[in-house]
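J.: need coordinates for the following:
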Amino acid sequence: MSESIQQTETSWLTGLNPADPKRFSADSILPVFERMRAEQPVHYCAESDYGPYWSLTRYKNIMAVDKDHQSFSSDAHLGGIIIDDAVVGDKDSDFFVKSFITMDPPEHGPQRKAVNKIVSPASLANFESLIRERTRTLLDTLPVGEEFDWVDNVSIELTTMMLASLFDFPYEDRRKLTRWSDVTTAEAGSPIVATQEQRVAELMECLEYFTRLKKERKHGPFKFDLVTMLAQDAATAEQPDSEFLGNLMLLIVGGNDTTRNTMSGSVNAFNLFPDQLDKLKAQPDLINNMVSEVIRWQTPLAHMRRTAVTDVEVEGQLIRKGDKVIMWYYSANRDEDVFDNANNFDISRSNARQTISFGFGIHRCMGMRLAEVQMRILWEEILARWQRIEITGEVQRVESNFVNGYAHMPVKIIA
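T.: Below is the predicted model:
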């Protein structure tokens, strides 16, 4: 390799900020991750809008860090689990939130336990008939042969209806949940929120609304919904507003963005790889594996963040105590060392369930099985009705390095 080429590569890596949200909205980040995995899988960005941070892009390193909560913290006081510190706020300011995902043991366990029975096997079995009924009803209202926005009419609507059920939230106000989810994760200055002040103001409205619901349910009969669970469990009943709002933000985003963008991602995947739709029609027993493959291929949350609480060496790089570490799930799910032809969408992939999209260790996604049920039912009902869903125009992605999602997707149903 010539000296000039070496200098070019070094310069490219030195000045690289992979967290630029425009790389994600432009769908240009994957080639960047591919080079990082090959050339510098543990990469340091010295300057960015988020401050300095390390990037991990290989599956094995991300899995190791994700499981090592002794060395790598999720604590909100250190910045939480998103690269943008503004999401949790400043512990010395009027806006600071923490949830059980931004807590380390032993604080983490009891709060997670307060709500995780909502996704127990028995609960999922009970939800399945409701999910199928709503999915059938919604799909039967869609226009066949006419263009419409899949994101708004299907992905958002189905996930928001499910969220309203999980919270026992007033059904007529369910789109508030979508808005609060978007506001929680959006970049200040993005099309969703203009400023941090706007974000805080809207989340305070969220807190006020749910505080009213919590008061109503605190001393009432036990009901199988998240608000009642938070209101009546000993670990969360008397928690301060900062923790109540934090848990609400976590549960809303976890129940909304991930499933909604996987639903949209599945339509995108089958349009880019139409042979896989033919394979699914011929082998409908592949549907569960297809769901796992969509979740891998799409990776609805592009990253999770940790903060080093001790000096740690990863791939020969010294990460120092206090350093911000970004685990790029989107890159890990395209790691050729784990997934052959990783950029391809292959519904018969033998290790699709090894997706890192749900994380590993104590913070593994609580609602992953519910998300899988929703996706499976959606495609069972689609296959029972139509030949395909055809994307008819430009797909608009969300401008975010956290939510790997879609803002608009024009489609037409081919019956």
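J.: which stretches of the stretch 51-200 of the chain form helices?
T.: 59-67, 108-115, 121-139, 150, 157-167, 175-185, 196-218 (DSSP state H, counting those that start in this stretch).
J.: same check on the stretch 251-400 of the chain?
T.: 274-282, 287-298, 329-332, 368-383.
J.: name the stretch among those that sits most buried.
T.: helix 329-332 (a mean of 27; mean count of other CB atoms under 10 Å). C-beta here means a position set from N, CA and C on the backbone, and glycine is covered the same way.
J.: so what does it touch, helix or strand wise?
T.: If you count contacts as 3 or more CB pairs under 8 Å, 6 or more residues apart in numbering; DSSP states H and E, helix 329-332 packs onto helix 29-39, helix 59-67, strand 303-308.
J.: before we move on, the earlier item: the helices of the stretch 251-400 of the chain: which one's closest to G89?
T.: Among these, the nearest to G89 by CB to CB is helix 329-332 (23.8 Å).
J.: mean confidence score for that closest one?
T.: Regarding helix 329-332, the rounded mean pLDDT is 98.
J.: repeat for stretch 247-259
T.: On average, stretch 247-259 scores 86.
J.: so how far is that stretch from its chain's centroid?
T.: 8 Å (CA atoms, centre = their mean, to the nearest Å).
J.: tally of neighbours for the residue nearest to G189 when sequence neighbours are not counted?
T.: Nearest residue to G189, sequence neighbours excluded (CB to CB, 6 or more residues apart in numbering): T195, at 7.3 Å. Number of residues near T195 (other CB atoms under 10 Å) recorded here: 10.
J.: same deal with R174?
T.: Neighbour count for R174, taken as other CB under 10 Å: 19.
J.: circling back to that earlier point, adding mean neighbour count, distance to S99 and mean pLDDT, write the helices of the stretch 51-200 of the chain out as CSV.
T.: Shown next, in CSV, are the helices of the stretch 51-200 of the chain (neighbours: other CB atoms under 10 Å; distance: least, CB to CB, whole Å; pLDDT from 0 to 100):
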stretch, mean neighbour count, distance to S99, mean pLDDT
helix 59-67, 20, 17, 96
helix 108-115, 18, 8, 81
helix 121-139, 14, 21, 91
helix 150, 24, 30, 98
helix 157-167, 22, 15, 92
helix 175-185, 21, 11, 91
helix 196-218, 16, 13, 93
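J.: any chance of TSV for those, columns distance to I252?
T.: Listed next are the helices of the stretch 51-200 of the chain as TSV, based on distance: least, CB to CB, whole Å:
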stretch	distance to I252
helix 59-67	23
helix 108-115	12
helix 121-139	17
helix 150	21
helix 157-167	7
helix 175-185	5
helix 196-218	8
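J.: that older thread, do you know which of the helices of the stretch 251-400 of the chain lies nearest R260?
T.: When the helices of the stretch 251-400 of the chain are compared (using CB to CB), the closest one is helix 368-383, at 9.6 Å.
J.: what sits up against the closest one?
T.: 119, 121, 124, 127-128, 131-132, 135-136, 139, 158-159, 162, 255, 258-259, 262-263, 266, 280-281, 284, 287-288, 290-292, 294-295, 358, 365, 389 (CB atoms under 8 Å, 6 or more residues apart in numbering).
J.: using a markdown table, lay out the helices and strands packed on helix 329-332 together with distance to V87.
T.: Listed next are the helices and strands packed on helix 329-332 as a markdown table, based on distance: least, CB to CB, whole Å:
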| stretch | distance to V87 |
| --- | --- |
| helix 29-39 | 20 |
| helix 59-67 | 19 |
| strand 303-308 | 10 |
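J.: out of the ones you listed, nearest to F222?
T.: strand 303-308 (32.7 Å).
J.: packing partners of the closest one?
T.: Other helices and strands packing on strand 303-308, by 3+ CB pairs under 8 Å, 6+ apart, are helix 59-67, strand 72-73, strand 324-328, helix 329-332.
J.: the first one: how far from the chain's middle?
T.: Okay, so that is helix 59-67. 17 Å.
J.: how about the second one?
T.: Relative to the chain's own centre, strand 72-73 is displaced by 19 Å; criterion: CA atoms, centre = their mean.
J.: now do it: which elements does it pack against?
T.: Against strand 72-73 (3+ CB pairs under 8 Å, 6+ apart) you get strand 303-308.
J.: now do the longest one
T.: Using 3+ CB pairs under 8 Å, 6+ apart as the contact criterion, the neighbours of helix 59-67 among helices and strands are strand 303-308, strand 312-314, strand 324-328, helix 329-332.
J.: how near is G109 to I362?
T.: According to CB to CB, to the nearest Å, G109 stands 8 Å off from I362.
J.: no wait, T258
T.: For T258 relative to I362 (CB to CB), the value is 18 Å.
J.: neighbour count: those two, which is higher?
T.: Neighbours per residue, other CB under 10 Å: of T258 and I362, the larger number sits with T258, 26 against 17.
J.: now the more buried one, nearest residue through space, not along the chain?
T.: According to CB to CB, 6+ apart, the nearest residue to T258 is P300 (4.3 Å).
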